[in-house]
Structure formats: C-alpha cells, structure tokens
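**Student:** Structure for the following, please:
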Amino acid sequence: MAGGVNVRITTKSVAGFLANIDDAKIYRDVIYFEGSRQNLTNDRNCSSFRIFLSLSAVLVYSDEAQALLVCGVDCGVDRETADGEKEGSIVLKELLKTVEDHCKKYGLRLLPGALDQ
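**Tutor:** Sure thing, here's the model as predicted:
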C-alpha cells in the first residue's frame, strides 16, 4: 500500500460499514470477514457462545489518503443445548449475506481474514 494507512475508522453496524465502503475506492477490491464465537463462561464444557462478525477493508480516497475501515458486530448468542437456539449464527449468516450481495453489486471480493493496523 503506497503511503500507508493514515487513519482507522470503526463502525459497529454492517450498514455503517457499507456506507463507508460506498464513499471510497476499496484497496484491491477486497473486503475481509471473520466470524468468531466466545464462551459465555470459563467452563470448558460451555454450551452458550456469543457470536461476532468482523469486517475490514482499506479505503482509498481520491486524494490518495487511505483509511483502515473495521466493523465489529455482536450477532447474539448460540445455545448448544437440546432446547437451545442458534440465534447468533442466524444473524451472522444474514449479515454476511447482506455484505455478499453488496460485494456482487459493486464488483468487490469477500475473503476470509482480518486486517490489523
């Protein structure tokens, strides 16, 4: 990346992330995504997990300034018991579908991973 990243922009919603994407060129036309889960307790046999979606991209503006754009969304909780639900995973899939549709519409690629400054 010529000139390096000048600033970091953080959003907490996919809508906010996509609004920033629409305002600049995307370095290499790539948006990176990562889904993760975190135990709700310290128990190794935990059956409830908080689900997160992370998105990142490098924005390149017309004046050649660059910004690292990151987004972190708490998608909810998955409960892996007989009567539990996977609400977090469902929300994660819905949000990723929104990002995938946006990528297709604007000729962007969606790749696994995360950018870090």
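
**Student:** the longest helix in the chain is where?
**Tutor:** Longest helix in the chain, counting residues (DSSP state H): helix 87-106.

**Student:** tell me the mean pLDDT for it?
**Tutor:** Per-residue pLDDT over helix 87-106 has a mean of 97.

**Student:** List the contacts of it.
**Tutor:** 14, 17-18, 21-22, 31, 33, 35, 37, 49-51, 53, 55, 73, 75-78, 108-110 (Cβ atoms under 8 Å, 6 or more residues apart in numbering). C-beta coordinates here come from the backbone N, C-alpha and C atoms, glycine included.

**Student:** what about 10 Å?
**Tutor:** 13-15, 17-18, 21-22, 26, 29-31, 33, 35-37, 48-53, 55, 71, 73-79, 86, 108-111 (Cβ atoms under 10 Å, 6 or more residues apart in numbering).

**Student:** hang on, isn't residue 112 packed against residue 56?
**Tutor:** No. With contact defined as Cβ atoms under 10 Å, residue 112 and residue 56 do not form a contacting pair (11.2 Å).

**Student:** So which of the two has more stuff around it?
**Tutor:** residue 56 (21 against 8; other Cβ atoms under 10 Å).

**Student:** Show the buried residues in the contacts of helix 87-106.
**Tutor:** Those of these that meet the buried threshold are 14, 17-18, 21, 26, 30-31, 33, 35, 37, 48-49, 51-53, 55, 71, 73, 75-78, 86, 108, 110, by 16 or more other Cβ atoms under 10 Å.

**Student:** So which of those residues belong to helices?
**Tutor:** Judged by DSSP H, the buried ones among the contacts of helix 87-106 include 14, 17-18, 21 as members of helices.

**Student:** Might you report the residue contacts of the residue of the chain most remote from its centre?
**Tutor:** What lies farthest from the middle of the chain is residue 82; by Cα atoms, centre = their mean that is 29.5 Å. When contacts are counted by Cβ under 10 Å, 6+ apart, residue 82 touches residue 47.

**Student:** Quick check: it vs residue 12, distance?
**Tutor:** Between residue 82 and residue 12 the distance is 33 Å, computed by Cβ to Cβ, to the nearest Å.
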